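build the 3D model from these lines:
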Amino acid sequence: MTKRYSYKIKSYVNASHAIRWATGSGQKHTHTWEIVCELHTTDKMVAFYDIEKILHQALDQLSGKFLNDLPEFATVNPTVENVTEFLFGKLDRVLRENGAKLLRIEVSDSPTRSYCIDVTDL
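The predicted structure is shown next:
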């Protein structure tokens, strides 16, 4: 049996967006986005404060923003799926630079639905 150790950290970001449709844009509205990251580290124990600080620095780019105005969403529709894909790329990069690997990200724009990306290999 092989054990895999991981940490799970939840973060919240308030940001607004408007979905673009073929006929125009929907109404601008705000969500409290919940971002749950499960990550692997080479050490069995890490300082949560350090990992949370890294995650929050990356997430601050979205905090209080209208996502449609960000360069990353100028041509990409800011749906929960695309926001999750964007956050996965950004968070995986900064975590790897700090000795951790993102295993799973779950992003919710409501309490009843989430979009998830899992990594199957380390």
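
what helices or strands is the helix ranked longest in the chain leaning on?
Ranked by number of residues, the top helix in the chain under DSSP state H is helix 80-96. Counting contacts by 3 or more CB pairs under 8 Å, 6 or more residues apart in numbering; DSSP states H and E, helix 80-96 packs against strand 29-41, helix 48-59, strand 100-110, strand 113-118. C-betas here are computed from N, CA, C, even on glycine.

winner for burial among these?
Counting by mean count of other CB atoms under 10 Å, strand 100-110 has the highest mean neighbour count of the helices and strands packed on helix 80-96, with a mean of 20.

quick one: the helices and strands packed on helix 80-96 as JSON lines, columns for distance to L87 and mean pLDDT too.
Shown next, in JSON lines, are these (distance: least, CB to CB, whole Å; pLDDT from 0 to 100):
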{"stretch": "strand 29-41", "distance to L87": "6", "mean pLDDT": "94"}
{"stretch": "helix 48-59", "distance to L87": "8", "mean pLDDT": "85"}
{"stretch": "strand 100-110", "distance to L87": "6", "mean pLDDT": "94"}
{"stretch": "strand 113-118", "distance to L87": "9", "mean pLDDT": "96"}
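
using JSON lines, lay out those together with distance to N68.
JSON lines is the format used below for the helices and strands packed on helix 80-96 (distance: least, CB to CB, whole Å):
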{"stretch": "strand 29-41", "distance to N68": "11"}
{"stretch": "helix 48-59", "distance to N68": "18"}
{"stretch": "strand 100-110", "distance to N68": "14"}
{"stretch": "strand 113-118", "distance to N68": "18"}
